[in-house]
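return a 3D structure for these sequence lines:
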Amino acid sequence: MNSQLNWSKMPIEFKEKYEKKSSRSELNNALFLGIINLDWIKFDKANTLAYSVFAKEVNRIELSINLFENLLNFEDVRHENKGIDDFLIDIPRHYFRFPGNNCVRPHVPFSGKEFTDDERQQIESIILESRNAMPLRNDENIVREHFHRLEFLAIFSYFEAFLERFLSDTIWDGSEESRKKANGIVMKNSLPIALQTVIKEINPEIENLLKYIEPQIFNILHFCYLIRNVHTHNLGQATNYMIKNGLDYGSLKEEEIRDADGNLLYKDLCTTYSEFGKHRIEKGNYMTLSAPVSLLRSHSKEIAYILDTSFT
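Numbers count the residues shown, from 1 in each chain. Below is the predicted model of the structure:
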């Protein structure tokens, strides 16, 4: 991969940042991108409006996600200090009420509404339905999964909007015709195809750089695209269309599982990226988001930085 990459065709910042990372394994690639993007996006020196807008949107959604994660952790510690060790496993049901019903301030109208058995049963039914739909059992994981969905869908949309704005307003002339054309390219194609279209308009060498940083990057983005579609249209459950689409593109593969004598037992469907290969993908099964949202977050932030830095 190193011999295919021409550093002279890209900004010097890329060589300084990425060249020394050439010996990473696939897992370390993901770890590397995850660590360097475990921070707020700085946009004070952004070269493009598209990047500035993307940075602000992602920072805002992460502000809310971080608040939720921290409050949940603080409450867990508070309960542990009181001798209650199973808070995250069996979260008290009044935590799930509509906030207006839980308000205990006397000056607030309709505050302190009674927590009836009927309301409690409704909450229990929703939790039970969530457990049946997702391969998760404790309350914390169920709630986190729903927040992962909000974060995943938001970041995916922000990144699509970034590519569209970058293409129409930064590369092209920003006219109404350009914006319609850019919208069509992003909306009618998968995420990796849309990204590759933008790259070709700037500098084709960027595609080699992305593959140098993460050889499976386009398969990862395509899998995120499949995940987005099933979570938008099919309650997060894998479909025949998703599986066929993934196999045709190459983001999914079938692995033969054989016994000690070499006899074929069955075929496992998994991603071509090892991070997901640990989990079987089956039609009708729920696609969890904890790993995909982490990858989408780190990869989209890094790609947006690279595109913005390239446009100087």
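
quick one, helices of the stretch 51-200 of the chain?
Along the stretch 51-200 of the chain, the segments classed as helices by DSSP state H, counting those that start in this stretch run 99-102, 117-133, 139-165, 176-188, 191-202.

the ones you listed: which one's closest to residue 17?
Proximity to residue 17 (C-beta to C-beta) singles out helix 191-202 among those, at 17.8 Å. Glycine gets a C-beta too; all of them are placed from N, C-alpha and C.

any buried residues in the closest one, and which?
191-196, 198-199, 202 (16 or more other C-beta atoms under 10 Å).

residues near residue 115, how many?
14 (other C-beta atoms under 10 Å).

you'd agree it is up against residue 95?
No - applying C-beta atoms under 8 Å, one finds residue 115 not in contact with residue 95, separated by 11.1 Å.

how about residue 172, what does it touch?
178, 181-182 (C-beta atoms under 8 Å, 6 or more residues apart in numbering).

most neighbours of all those residues, which one?
That'd be residue 182 among the contacts of residue 172, by other C-beta under 10 Å, with 23 neighbours.

got the confidence number for it?
What the model reports as pLDDT for residue 182 is 97.

my guess is it contacts residue 167, does it?
Yes - applying C-beta under 8 Å, one finds residue 182 in contact with residue 167, separated by 4.1 Å.

where along this structure do the strands fall?
Remark: strands assigned in the chain by DSSP state E are 252-258, 264-271.

between these, which one is nearest to residue 157?
The nearest among those, by C-beta to C-beta, is strand 264-271 at 22.2 Å.

may I have the strands that pair with that closest one, each with its orientation?
Strand 264-271 has the following strand partners under DSSP bridges: strand 252-258 (antiparallel).

show me which positions of the strand it pairs with end up buried.
252-253.

what's in contact with it?
Residues contacting strand 252-258 (C-beta under 8 Å, 6+ apart): 223, 226, 243, 246-247, 264-272, 277, 281.

wait, which of those is closest to residue 208?
For the contacts of strand 252-258, the nearest to residue 208 is residue 272 (19.1 Å; C-beta to C-beta).

ok, that closest one to residue 229 distance?
18 Å (C-beta to C-beta, to the nearest Å).

surely residue 6 meets residue 205?
Yes - if you go by C-beta under 8 Å, residue 6 and residue 205 touch, sitting 5.8 Å apart.

neighbour-wise, which of those two wins?
Per other C-beta under 10 Å, whichever of residue 6 and residue 205 has more neighbours is residue 205, with 18 against 10.

domains of the protein?
Per automatic domain parsing, the structural domains of the chain span 2-81+145-310, 91-137.

which of those sits most buried?
domain 2-81+145-310 (a mean of 17; mean count of other C-beta atoms under 10 Å).

how far does it sit from the chain's center?
Relative to its chain's centre, domain 2-81+145-310 lies at 6 Å (C-alpha atoms, centre = their mean, to the nearest Å).

per-residue pLDDT, residue 255?
84.

excluding sequence neighbours, find me the nearest residue to residue 242.
In space, and not counting its chain neighbours, residue 242 is closest to residue 226: 5.0 Å by C-beta to C-beta, 6 or more residues apart in numbering.

please list all residues in contact with residue 80.
Contacts of residue 80 by C-beta under 8 Å, 6+ apart are residue 87.

against residue 14, how distant is it?
46 Å.

to residue 76, which of the strands of the chain lies closest?
Per C-beta to C-beta, nearest to residue 76 of those: strand 264-271, 31.8 Å.

which residues sit against the closest one?
In contact with strand 264-271 (C-beta under 8 Å, 6+ apart) are residues 219, 223, 243, 246, 251-259, 276-282.

and stretch 208-226, by the same measure?
For stretch 208-226, using C-beta under 8 Å, 6+ apart, the contacting residues are 1-2, 4-6, 10, 14, 18, 21-22, 26, 29-30, 33, 152, 156, 190-192, 195-196, 199, 242, 245-246, 249-252, 271-273, 276, 292, 295-296, 299, 302-303, 306.

repeat that for 7 Å
1, 4-5, 10, 14, 18, 26, 29, 33, 156, 190-192, 195, 242, 245-246, 249-251, 271-273, 276, 292, 295-296, 299, 303, 306 (C-beta atoms under 7 Å, 6 or more residues apart in numbering).
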